[in-house]
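Undergrad: take this sequence and fold it.
(one chain, ligands or ions: 1)
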Amino acid sequence: MSLNRAQSTAAAHKDGPCMVLAGPGSGKTLTIAKRIEYLITKYKVRPEEILVITFTKYAANEMKERFWQVMGNVRMPVTFGTFHGIYYGILKWAYRLNQQNLLTDEEKDALLRQLAGQLEWDVLGELGDERDALKELAAEVGNIKNNCLDIEEYESRRYKTSMFRELYRLYEREKRKLRKIDFEDMLIMCRELFLKRPDILKKWQEKFQYILVDEFQDVNQAQYDVVKMLAAPKDNLFVVGDDDQSIYGFRGAKPGIMLEFMKDYPKAEQILLELNYRSTAHIVNGALRVINHNDERYEKNLRAQKGKGEAIHVQEVYDPLAEGEYVLEMIREYKEKGIPYEEMAVLYRTSLDARALTEALAKGQIPFIMKERITCLYDHFIAVDLMSYLHLAREGCERKHLLRIANRPKRYLSRDSMEGRVSFESMRNFYCDKAWMIDRIDQLEWELKMLKGQSPYAAIQYIRKGMGYDDFLKEYAVGHQVSLDDLMETADEIWQSAKGYRTAKEWFEHAENYKTVLNEQKAKGWNQTKEGGGVSLLTMHGAKGLEYELVFVIAANEGSTPYRKAKQKEEIEEERRMFYVGMTRAKSRLILSYVKEKNGKALSPSRFIEELLLV
Ligand SMILES: Nc1ncnc2c1ncn2[C@@H]1O[C@H](COP(=O)(O)OP(=O)(O)OP(=O)(O)O)[C@@H](O)[C@H]1O
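TA: Here you go, the predicted structure:
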C-alpha cells in the first residue's frame, strides 16, 4: 500500500519532536509502522533503540504485526508496549518488583468494594450494574494520581466528597499494608524514580533513542510527564493522535494535551493526516458537521477518499421497543443485501440503552456479541420483587415469594409468621390477637387477588402505585444512599418490558429465554477478530479503533447522548467527541435513531442529531 503525501512526510520524519494530527480512518497504524521501517532502513537506527507506546495490549500487538508486515515478516527487536507495561519494566528493574506486587484491576475492584462496605457506603447499591459502578469509582480513585491532584483538596462531583476522601485514604493505607501498587502508583513511582535518580533516567534515555506514541490524545498528565523525561534531551518524540477522539476524560486524559505538546515543543514538526480511507464522503462530512460544534479543537480539513455513498439515515421511532424492532428489521434487510452480521455494529452511549435492543435480537434469533457486559434486567432486585408479586397472585401463597415481598413496602410481617407451610390463614392465626395485623394480611390477600386477572403490565402499575411498592423504593434509596431516579428508571423499564404480554406466564417465559441468550452471548465472549460472532453491540467508547460496513447509533436522545450527567461545557464536548467516534466507525452505511418517548416520558432528539441535520 503506498502512502499519501502527508503520510510519507510523517513516516520520513527523522529527529526531534513531531506531532501527527490524524483524523479518523486516516491510516495512523500504517504511518507509524512505516516510520519505524524508515528509522531502521533509511536512518540506520538500531531497532533496540525504538520504543512504541500504545494504550492496550491489543493495539500493541496489532501495531507489531503491521510493522512485521511492512518489513516483509522480518522480526526486529523493536519494543512495543503499553504505558503500564513499560513503566512496570522500568520499576521492576529499579525496585525488584514482581507480579505479586501489582494490584490487578479485579483486586482493585474487590478492595474498593470491601472498603466501601466498611464505611457502610452503599456506593454500588443493588443496582444490578455493580461492575459499572465499581469501574466508575475505580476511575475516579485513579484520576487523583493520573492528574497529580491532592486528595485533601479534591472535590468529587459524583460522590459525597468527605466519603470519597475517606475511601481514598483507606484504599491507600490498605494497599501499603498489602505491599501492593496499582497502575497509577506505577506512573507516580516512575516519575519519582526519574526525578531522584538521574543516573537511572540517563540509562533509559540512552536505551530508547526514538519514542513513538499512538493515540496520544488519550495520554494523561502523569504519563505525559514521564514520557517527556524519557525522551529528553534529544526529544525524539513522535506522537500521533486525534484530539477529536479524546474520550477518556474519566481517566484523566484531555484533548488539550495535544495543544500542550506544541507549547512544550514549539519547534515540533506538525503534520496533518486529513484523508479518510474508511468512510464515504456523506459519513465523513456528517461527522464533521457535528464535531465542528466543539470549540476546543484543532481545525481540520478532513476529506473522504471514497465517493459520496448513501446519505446518513436518521430514523425517529416511538420508544425503545419500537427502536429494537426497527433495528432488527434493518439488520435482516442488510443481511439479505449481502452484508454479513460481522460487518454490522450497533452503538450506544451506555449499556443501559441496549436493553430493549438485546431483547429484540434475542427474540428475532439474530446472533450478537457484546463487548461490555450487560446485566440482565430480570435479575435486578426490583424485577425479582415484582415477579414474586405476580407469582403469588397466580399460584397462591408460596413461602419464598411471600418472604421476598412481605415487607416491600413495610407491612411489619415478621419472619416467624411465615414459618412452615404458610397461608394467609396461618398468618392470621399467628397474629390472632392483633386486629391491625389481621387487617394488613387481609389487605395483602385482597390486593393479590386483584392482580390475578390483570396483564403483567397493568399488574406492575398497580403493585407500584396501588400497593405502595414505589414508596418502598423511596425508602430504599434513602437507606442505601442510592439515586431514587435510577431506581425509578429501572422500575419503569421493567414495567415497559412487560408491555405486550397477555399473561404473567408469557412474560416469565420471555424473561427466561432472554436470560439464556444473554448467558450464551457471555460464554461466547468478545472476539476482537469479529469472525463468527454475529452483530457487534458496543458502547461508543468500546468502538474506538474499530470499523464496520454498517453502523447503527441508537438512543440518539438528549439524556443518553449527551449523557444526562454531562453538564459543563467540557463534558458536553467530550460527549460530542464520543458521538463523533461512533459515527466515524461506519464505512458505507450509517443509521442513527432516536425515540420519541421512554417509559411514558417524552424525550427530545439529541442535539447532535440537530447539528448533523442543520446544513
Ligand atoms: N495510503 C493508504 N492507501 C490506502 N488505504 C489506506 C492508506 N492508509 C490507510 N489506509 C486504510 O485506511 C483504513 C483506516 O486506517 P486505520 O485503521 O489505520 O485508521 P486510523 O487512523 O487508525 O483510524 P481511527 O482513528 O478512526 O481508528 C485501513 O483500512 C487502512 O488500510
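
Undergrad: now the residue in the stretch 51-200 of the chain positioned nearest to the ligand. Nearest residue, chain neighbours left out?
TA: Among residues of the stretch 51-200 of the chain, the one nearest the ligand by C-beta to the nearest ligand atom turns out to be residue 66. It sits 8.3 Å away. For every residue, glycine as well, the C-beta is placed using N, CA and C. By the measure of C-beta to C-beta, 6 or more residues apart in numbering, the closest residue to residue 66 outside its immediate chain neighbours is residue 33, 4.2 Å from it.

Undergrad: which positions in the helix or strand harbouring the one you found come out as buried?
TA: Take DSSP states H and E as the rule and residue 33 turns out to sit in helix 28-41. With burial defined by 16 or more other C-beta atoms under 10 Å, the residues of helix 28-41 counted as buried are 28-40.

Undergrad: so which residues make contact with that helix?
TA: Outside of helix 28-41, the residues that reach it under the criterion C-beta atoms under 8 Å, 6 or more residues apart in numbering are 1, 3, 7, 10-14, 20, 22, 45-47, 50, 52, 62-63, 66-67, 69-71, 76, 78, 210, 212, 214, 238, 240, 242, 273.

Undergrad: what's the ChimeraX line that selects buried ones from those residues?
TA: Burial among the contacts of helix 28-41 is assessed by 16+ other C-beta under 10 Å; the matching ChimeraX selection reads:
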select :3,7,10,11,13,20,22,45,47,50,52,62,63,66,67,70,71,78,210,212,214,238,240,242,273
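
Undergrad: so which of the contacts of helix 28-41 belong to helices?
TA: With DSSP state H as the criterion, helices contain 7, 10-11, 62-63, 66-67, 69-70 from among these.

Undergrad: who touches residue 593 in this structure?
TA: Taking C-beta under 8 Å, 6+ apart as the criterion, residue 593 is in contact with 314-317, 323, 326-327, 552-556.

Undergrad: skipping adjacent residues, who's closest to it in space?
TA: In space, residue 593 is closest to residue 315, 4.3 Å off (C-beta to C-beta, 6+ apart).

Undergrad: neighbours of that neighbour, just the number please.
TA: Residue 315 has 17 neighbours, counted by other C-beta atoms under 10 Å.

Undergrad: average pLDDT across the helix or strand encompassing it?
TA: Under the criterion of DSSP H and E, residue 315 resides in strand 313-317. Strand 313-317 shows a mean pLDDT of 97 in the predicted model.

Undergrad: if you count contacts, what does that strand end up packed against?
TA: If you count contacts as 3 or more C-beta pairs under 8 Å, 6 or more residues apart in numbering; DSSP states H and E, strand 313-317 packs onto helix 320-336, strand 586-595, helix 607-613.

Undergrad: got the angle between it and helix 320-336?
TA: In terms of direction (axes from the mean of the first three to the mean of the last three C-alpha atoms, to 10 degrees), strand 313-317 departs from helix 320-336 by 140 degrees.

Undergrad: pull out the buried residues from strand 313-317.
TA: Under the neighbour-count criterion of 16+ other C-beta under 10 Å, strand 313-317 has 314-315, 317 buried.

Undergrad: starting at the chain centroid, how far to it?
TA: Centroid separation between strand 313-317 and its chain, computed with C-alpha atoms, centre = their mean, to the nearest Å, is 24 Å.

Undergrad: ok, now stretch 262-273?
TA: The chain centroid and the centroid of stretch 262-273 are separated by 31 Å under C-alpha atoms, centre = their mean.

Undergrad: quick one on the thing from earlier: so the residue nearest to residue 593 sits against residue 596, correct?
TA: No - using C-beta atoms under 8 Å, residue 315 and residue 596 do not qualify as a contacting pair, with a distance of 11.2 Å.

Undergrad: now do the helix or strand hosting residue 392, average pLDDT.
TA: When elements are assigned from DSSP H and E, residue 392 belongs to helix 381-395. Averaging the model's pLDDT scores along helix 381-395 yields 94.

Undergrad: buried stuff in it?
TA: Of the residues in helix 381-395, those scored as buried under the neighbour-count criterion (16+ other C-beta under 10 Å) are 381-383, 385-394.

Undergrad: next one: stretch 553-566
TA: Burial within stretch 553-566, assessed by neighbour count using 16+ other C-beta under 10 Å, is assigned to 553-563, 566.

Undergrad: and the furthest pair within the residues you listed?
TA: Using C-beta to C-beta, the pair of the buried residues of stretch 553-566 lying farthest apart is 554 and 566, separated by 18.3 Å.

Undergrad: turn the helices and strands packed on strand 313-317 into a markdown table, columns for mean pLDDT.
TA: Listed next are these as a markdown table, based on pLDDT from 0 to 100:
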| stretch | mean pLDDT |
| --- | --- |
| helix 320-336 | 96 |
| strand 586-595 | 98 |
| helix 607-613 | 96 |
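
Undergrad: winner for burial among these?
TA: Mean neighbour count (mean count of other C-beta atoms under 10 Å) peaks for strand 586-595 among those, with a mean of 24.

Undergrad: which residues are contacting whichever helix or strand comes after that one?
TA: Going down the chain from strand 586-595, the next helix or strand is strand 597-598, by DSSP H and E. Under the criterion C-beta under 8 Å, 6+ apart, residues 318-320, 492, 496, 557, 603 lie in contact with strand 597-598.

Undergrad: give the buried residues for the host helix or strand of residue 258.
TA: Assessed by DSSP H and E, residue 258 sits inside helix 256-264. Within helix 256-264, the residues that qualify as buried are 257-258, 261, counting by 16+ other C-beta under 10 Å.

Undergrad: same thing with stretch 365-381?
TA: So, applying 16+ other C-beta under 10 Å, buried residues of stretch 365-381: 366, 368-372, 374-378, 380-381.

Undergrad: hmm, who's touching stretch 454-473?
TA: 382, 385-386, 389-390, 393, 408-410, 447, 450-451, 484, 487-488, 491, 494-495, 498-504, 507.

Undergrad: for stretch 488-498, same thing?
TA: For stretch 488-498, the surrounding residues in contact (C-beta under 8 Å, 6+ apart) are 127-128, 319-321, 355-356, 359, 377-378, 380, 382-383, 386, 455-457, 460-461, 464, 469-470, 473, 507, 598-600.

Undergrad: picking that back up, which residues touch the residue nearest to residue 593?
TA: Going by C-beta under 8 Å, 6+ apart, residue 315 touches 326, 591-594.

Undergrad: pLDDT weak spots in the protein?
TA: 122-132, 250-255, 527-532 (pLDDT under 70).

Undergrad: get me the contact residues on it for the ligand.
TA: Taking C-beta under 6 Å from any ligand atom, the part of the chain that reaches the ligand is made up of 1, 3-4, 7, 22, 24-30, 242, 245, 277-278, 545, 584.
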